[in-house]
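1. I'd like to go over a predicted model; first the sequence, then the structure.
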Protein chains: 2
Amino acid sequence: MAYLKRLFIGSPMETKRLKHEKLPKWKALAVFSSDALSSVAYATEEILLVLMILGTSVFFYSLPIALAIVGLLVIVTLSYRQIIYAFPSGGGAYVVARDHINTTTSLVAGAALMIDYVLTVAVSISSAVAALTSAFPALLTWKVEIAVALVLLLMILNLRGITESATVFAYPTYLFIISVLVLIIAGGWKLYNEGWHGFNYANHATPEHFFASGYGVFILLRAFSSGCSAMTGVEAISNGVPSFRPNSSKNAAITMGWMSLLLGIMFLGITILSAGFGVTPAEHKTVISQIGSHVFGNSILFYIFQMITMLILVLAANTSFAGFPQLVSIIATDRYLPRSLAARGDRLVFSNGIILLSILAIILIIIFHGKTHSLIPLYAVGVFLSFTIGQYGMIKKIWKEKSKSNMATLSIIITGTIATGLVTIITVIAKFTHGAWLVIVAIPLIVVLFNKIHAHYETLAQQLKLDKSDRTETKEIVTPKVIIPISGISKVVDQSVQYAKSISDDITAITIVFAEEEEQKIRDKWYKLYPDIELKIIYSPYRTILSPLLDYINKVEKETKGATITILMPQFIVKKWWHTLLHNQTAIFLRFFLILKKDIVIATLPYHLKE
Amino acid sequence: MAYLKRLFIGSPMETKRLKHEKLPKWKALAVFSSDALSSVAYATEEILLVLMILGTSVFFYSLPIALAIVGLLVIVTLSYRQIIYAFPSGGGAYVVARDHINTTTSLVAGAALMIDYVLTVAVSISSAVAALTSAFPALLTWKVEIAVALVLLLMILNLRGITESATVFAYPTYLFIISVLVLIIAGGWKLYNEGWHGFNYANHATPEHFFASGYGVFILLRAFSSGCSAMTGVEAISNGVPSFRPNSSKNAAITMGWMSLLLGIMFLGITILSAGFGVTPAEHKTVISQIGSHVFGNSILFYIFQMITMLILVLAANTSFAGFPQLVSIIATDRYLPRSLAARGDRLVFSNGIILLSILAIILIIIFHGKTHSLIPLYAVGVFLSFTIGQYGMIKKIWKEKSKSNMATLSIIITGTIATGLVTIITVIAKFTHGAWLVIVAIPLIVVLFNKIHAHYETLAQQLKLDKSDRTETKEIVTPKVIIPISGISKVVDQSVQYAKSISDDITAITIVFAEEEEQKIRDKWYKLYPDIELKIIYSPYRTILSPLLDYINKVEKETKGATITILMPQFIVKKWWHTLLHNQTAIFLRFFLILKKDIVIATLPYHLKE
């Protein structure tokens, strides 16, 4: 067990080795934007999948929808660039809301963020597997298994403690950016030569019919919500400002600009190509892989492109393995989650948070059969809710500070807040029946859980606090009353009797017999060996042990004043684990029950068998 | 939990209520033969299923095979009638072999019998469900679920303690006997009128080709082995002699005769009808139900017949719920199985045996998808092996006694032993690849397990025995050295310190810090409160608690001579179970580890939280 742990996780690390590296811009871009950039691998497809309800004749609308999303991206980017300057210490929506709005709002943000991190893993990994199976359809049978294995791999790597800043992680991001840009340029050239033969307004869209029904507009909004999954993760840079080299705010703001620019180009480019080539979503081949195979043919380039896509998506999932444990450790330190989530493991990472994230993501992947599309509706609500809360918190902060330059900054952030707030509402409405309700139900439940946990820790601290009043009276020292439950007479019992004599002179052995005739036999044997120790024999007609013993303890409790009752349990310890199956576990059960119910000391005296 | 137990199982019963009822012959027949008689519901079908490998052209051979089995039945019946007279105290093959052959043989018999009891439940219940689904094919989807539910029902009824002798159980057996006899008479009449239109020697069998290949003979033997499943349970009466009214041996022998006669008639009758009507086994309709629907048409009579068949099969499974727990309790009393299997539960039944049987049967049903046919090959080996061992044991017993009348008796039992021995060998060979190997592997494994368990109990008794030598020296009484591991200072710790003072004056508190700077803080706080008690502070750079604590205990152990080390664990007990998730379970882990590894006392002092 310990050996296996060392093999997979590595040797423990000293607390002192905790430190932070400062990143140059080019590396920071790679580290913080894999989540955001990788979403172009599925965002266009999600738009088309929604539009498909109305038929391919409306696929042309994917273009204005993508434009609207890019518009939103610009607003959010401008807003977050202001936030980077105003709040250079970083910190996500939870911390901002906690410090500048109020506890409940921060807990809502915390719940939304936790859900998002889990979904980032589930969505990115599902999408990574889709990239893989689009290239190698033979692997489709093992879709869920591969996804689960990838999550477990990320879990192990993160338990070992890979630093987010490792240079090795920078390459896949740039490879992905380059390969998507190559795809867009080569695809654009091909489209120019072939001519636009996909979906267009003239030959496909039917606007009168489309807008006549409210349903059409509703579907349009739903497609927009789905496409907004392209924007997940864009806030990452604003949380990571302290990781930038000085002047960190400026560097972060510049990096954020570049990231949004790249994201916008890649997302628009892919959407245009899909419309131009007339790509329709297929069960087992992603939209982006269809574009890829159209542009690159069945050449090696196509397979490389798919592998890079898979890699960036796995990397996007990995960002959650840094973010989620960090977030839950902050919440746990605030005592809204179990303390164990705030403890660093052997390798200085928040091991419990990493394991929790893995389990939750695996559950989601299994429940939703590793289908990206089924998970997306759960995604956008939490993302935009935390965008909105985070920005609102910044407004309150800046408002309090009342610095001179704040009016321009404020108006930009307010615009961003309103935009993301609107998207949140649109998403809730448009996707309610498609899974968004699950998140709407989950967030309040998680908040209630947060509060229950907090209440427990609060009352606990109060109850355990050692007041002066508890200590003033010098208590008289009374030796305990020792009770030894025995089932027969043996070396184990003898050892217990000897020990009992060393701590007290008020000792009673107690035994329970199932047949009245056994009584005299055990009595004779006992008093021959221990003439000075009382043996209480209880006849149990129903062959139960616990209840007569408990009755006896209750009686003694009433009679004894001052002395603590000590139950001394003789217990032999078997040599091999399976031997425990061969013995009644009454002692364990008894101990468990007594500790739970009674204010008495339970002492176990083990006797280790040699064979 | 306790409430649910009472609801399903009923109130506990006093040990004194254990008694035995004596049965009249007509009732004993019903009680002891449901297992044997019910097997006609599947035995013919099993023969046909094997013959089908060679095609329906050899189905005619089911008749000579059935005749051979009836011949075997006669031999076994005669043998067991002698055993009834020679060994009126009953007892199955295990007891007979233990008392008259040797331990290993008795353990082989014990293993074979255990397997048989489990298979009786699995086969009978699967067959009962097949009877049900033959009438109501809509239930086929729920085949396995229904079978599992029936096993659970029998488990609950038997945990309540239904007496085997309940009159209510007599009716289904007689109903089944009557309905099969009606089927045979009505079917015979129909066959007489319609003429023999099924399989016969003239128009179907191809003897030259059949016997030319050794394979044909092999299949014939395999079909015979399968048909022998008709004989499972015929020994039941010989085990139950003490339950008969006096003159019990004579009454039991007469009852056994009647049972075998009925079994022979029913089995032959059904086989003849199946050949006469030309019934071939079908996937979802049992052979006996096909005969039933041919004779009774689609009338209510057919459905009644199927229900009665189902009922008798469930009853047959129920006989195992009496036999298996009784057998394992005898083996456990001999210390070859865990003692808990010999303990009577609340309702005076061997609850653990009943639960074990149910679990094993359910596992078999699930693994074999509730298909009777898949389970049959596992069945016959154990049955005939225990027949052979049981009879052989009787031979040895009678031989030892050397009474005057023993030559005739002996020769009959020897004939029976040879016959069943041969069938065992035939079955092993003919069905080896069809699942018999599983039993051949399982029996030795179970015997090894028996011996391992026995060895453990033997060395345990030796190790725990309190010799006079252990007691001669009067040991000097030394107060224990008390160590209190603490993680902070609180009421819980204070309570433990007070208790420690009451049992010893050699007390050390120990705490582990993860940051060096915490050291002075806790030291100051401690000595202000407890100036007279030493506090040992250990800095743990790797944030582990167990190993530094263990190092310390090891050191103290070496230094301390004579005094027992006592670890006093302060532990607060939360009010609601889920609160335990909010606290580190280091104490539990520590306790578990120390008890397993060290000869020290672990005392837990619980502090019960109010909220």
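-> Thanks, I have it.
2. pick out the residue closest to the middle of chain A.
-> A centroid search over chain A (CA atoms, centre = their mean) returns residue A:357, at 3.2 Å, as the residue closest to the centre.
3. count of neighbours near residue A:505?
-> Residue A:505 has 10 neighbouring residues, counting by other CB atoms under 10 Å in any protein chain shown. Using the backbone N, CA and C atoms, a C-beta is placed for each residue, glycine as well.
4. contacting residues around it?
-> Counting by CB atoms under 8 Å, 6 or more residues apart in numbering or on different chains, residue A:505 touches residue A:479.
5. rerun that using 10 Å as the cut-off
-> A:479, A:482, A:532, B:477 (CB atoms under 10 Å, 6 or more residues apart in numbering or on different chains).
6. mind checking which of those land in strands?
-> In this view, those that belong to strands under DSSP state E are residue A:482.
7. buried ones among the contacts of residue A:505?
-> Burial by neighbour count, 16 or more other CB atoms under 10 Å in any protein chain shown: within the contacts of residue A:505 this picks out residue A:482.
8. thought residue A:323 was touching the residue nearest to the centre of chain A, still the case?
-> Yes - assessed by CB atoms under 10 Å, residue A:357 is found in contact with residue A:323 at 9.1 Å.
9. what's the overlap in contacts for the two?
-> Common contact partners of residue A:357 and residue A:323 (CB under 10 Å, 6+ apart): A:114, A:117, A:120.
10. show the pLDDT at the second one.
-> So that's residue A:117. Residue A:117 carries a pLDDT value of 93.
11. helix, strand or coil for residue A:88?
-> coil (DSSP: H, G, I helix; E, B strand; the rest coil).
12. just the helices in the stretch 401-550 of chain A please.
-> For the stretch 401-550 of chain A, the helices defined by DSSP state H, counting those that start in this stretch occupy A:406-431, A:436-464, A:468-471, A:491-503, A:518-529, A:546-559.
13. a markdown table for those helices, including distance to chain B?
-> What follows is the helices of the stretch 401-550 of chain A, written out as a markdown table (distance: least, CB to the nearest CB, whole Å):
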| stretch | distance to chain B |
| --- | --- |
| helix A:406-431 | 30 |
| helix A:436-464 | 4 |
| helix A:468-471 | 6 |
| helix A:491-503 | 4 |
| helix A:518-529 | 7 |
| helix A:546-559 | 10 |
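14. now, of those, which is deepest in the fold?
-> Ranked by mean neighbour count, the helices of the stretch 401-550 of chain A are led by helix A:491-503 with a mean of 20 (mean count of other CB atoms under 10 Å in any protein chain shown).
15. now the angle from that one to helix B:436-464?
-> Counting by axes from the mean of the first three to the mean of the last three CA atoms, to 10 degrees, helix A:491-503 points 40 degrees away from the direction of helix B:436-464.
16. okay, now the unreliable bits of the stretch 451-600 of chain A?
-> For the stretch 451-600 of chain A, the stretches with pLDDT under 70 are A:468-475.
17. do the stretch 201-350 of chain A as well
-> Residue ranges of the stretch 201-350 of chain A with pLDDT under 70: A:201-213.
18. interface residues of it facing chain B?
-> Within the stretch 201-350 of chain A, the positions adjacent to chain B are A:332, A:335, A:337, A:338, A:339, A:340, A:343, A:344, A:345, A:346, A:347, A:348 by CB under 10 Å from any CB of the partner chain.
19. and of the residues you listed, the nearest to residue B:598?
-> Minimum separation from residue B:598 among these (CB to CB) is found for residue A:346, which lies at 24.0 Å.
20. identify the residues contacting the closest one.
-> Counting by CB under 10 Å, 6+ apart, residue A:346 makes contact with A:5-6, A:9-13, A:159-161, B:542-544.
21. name the SS class of it, please.
-> coil.
22. before we move on, the earlier item: for residue B:493, find the nearest of the helices of the stretch 401-550 of chain A.
-> Of all these, helix A:436-464 comes closest under CB to CB, at 8.8 Å.
23. now do the closest one against helix A:406-431, angle only.
-> 120 degrees.
24. ok, back up a step: please flag which of the contacts of residue A:346 sit within helices.
-> Among these, DSSP state H puts A:5, A:6, A:9, A:159, A:160 in helices.
25. what residue in the stretch 251-400 of chain A comes nearest to chain B?
-> residue A:338 (4.7 Å; CB to the nearest CB).
26. now do the contacts for the closest residue to residue A:318 other than its chain neighbours.
-> Spatial nearest neighbour of residue A:318, chain neighbours left out: residue A:154 (5.6 Å); criterion: CB to CB, 6 or more residues apart in numbering or on different chains. Residue A:154 makes contacts with A:121, A:124-125, A:162, A:314-315, A:317-318, A:320-321, A:354, A:357-358, A:361, as judged by CB under 10 Å, 6+ apart.
27. residues near residue A:372, how many?
-> Using other CB under 10 Å, residue A:372 is surrounded by 25 other residues.
28. helices of the stretch 201-350 of chain A, start to end?
-> So, for the stretch 201-350 of chain A - with DSSP H, counting those that start in this stretch - the helices run A:207-212, A:214-227, A:236-239, A:248-277, A:287-296, A:300-333.
29. so can I have CSV of those showing mean neighbour count and distance to residue B:538?
-> As requested, these are exported to CSV (neighbours: other CB atoms under 10 Å in any protein chain shown; distance: least, CB to CB, whole Å):
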stretch, mean neighbour count, distance to residue B:538
helix A:207-212, 12, 73
helix A:214-227, 20, 56
helix A:236-239, 26, 37
helix A:248-277, 21, 40
helix A:287-296, 23, 57
helix A:300-333, 23, 24
